[in-house]
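**Q** model this:
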Amino acid sequence: MLSAGVLLGTVTLNGAQTKTMNNATNQTETATLGGGCFWCTEALFQMLPGVKSVVSGYAGGTKENPTYKEVCSGNTGHAEVIQIEYDPKLVSYEKILDTFWDAHDPTTLNRQGADAGTQYRSIILYNSEAQKAAAEKSKAEAQKRFVKEIVTEITPLKKFYKAEDYHQDYYRSNPSQPYCRAVIQPKVEKFEKKLKH
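**A** Residues are numbered from 1 along each chain as shown. Below is the predicted model of the structure:
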């Protein structure tokens, strides 16, 4: 009989990964990234094999326990980010970073599409020297794919603040919402095709 811990390892908090993960371990790591609206990045990273959960939140600023309204004001210093919990035996930090460069435009300063402001900046928040080195190497490699200069910040993660509950699993919970249909759905469909190749 399988233990509850083994069974729990095959499903995720947000339903992000419901397939049984072969060779899965109980050891997980986290990556914290910002690439514009967290609804968009959350939806894409939930699809990546090896990702156990994706939580939308705020990081990179100074205000403690910020609200969405405060972050949207642009005065907190925080960016909209996602914190990804992943199994390093199934997906590497490098693969997560590679996906990050494809998931948004890292060459636009404080902007993704119609979303403008420092809260939408491109940012990688590392939690170890190994992550910092991997992020810097990945950024240099990714630059070869872009004509314009990558403006992504690479900075230490001081604290991650989870966003309000209604922001979590947003695309899956609100697929007919106009923003989801117009902005997120095309990105999800494009990423699905890429995952199949």
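**Q** What residues of the lengthiest helix in the chain count as buried?
**A** For the chain, the longest helix by residue count, based on DSSP state H, is helix 129-143. For helix 129-143, the neighbour count (16 or more other C-beta atoms under 10 Å) marks 131-132, 134-135, 138-139, 142-143 as buried. Just so you know, the C-beta spots here come from the backbone N, C-alpha and C atoms, and that holds for glycine as well.
**Q** which one of those residues is nearest residue 124?
**A** The closest of these to residue 124 turns out to be residue 135 (C-beta to C-beta; 4.6 Å).
**Q** Would you enumerate the residues in contact with the closest one?
**A** Listed by C-beta atoms under 8 Å, 6 or more residues apart in numbering, the contact partners of residue 135 are 97, 124, 126, 154.
**Q** try 6 Å
**A** Counting by C-beta atoms under 6 Å, 6 or more residues apart in numbering, residue 135 makes contact with 124, 126, 154.
**Q** and which of the residues you listed is nearest to residue 172?
**A** Using C-beta to C-beta, those come closest to residue 172 at residue 124, 24.8 Å.
**Q** I'd like the distance from that closest one to residue 32, if you could.
**A** 8 Å (C-beta to C-beta, to the nearest Å).
**Q** that older thread, can you give me the buried ones in the next helix or strand after the longest helix of the chain?
**A** For helix 129-143, the following helix or strand on the C-terminal side (DSSP states H and E) is strand 153-156. Neighbour counts over strand 153-156 (16+ other C-beta under 10 Å) mark residue 154 as buried.
**Q** how about the strands in this protein?
**A** 29-35, 51-59, 79-86, 111-112, 115-116, 122-126, 153-156, 161-162 (DSSP state E).
**Q** Could you measure from the residue nearest the centre of the chain over to residue 37?
**A** For the chain, residue 82 is the residue whose C-alpha lies nearest the centre (C-alpha atoms, centre = their mean; 4.1 Å). Residue 82 sits 10 Å away from residue 37, taking C-beta to C-beta as the criterion.
**Q** Next: residue 119.
**A** Taken as C-beta to C-beta, the span from residue 119 to residue 37 is 9 Å.
**Q** No further queries at this time; thank you.
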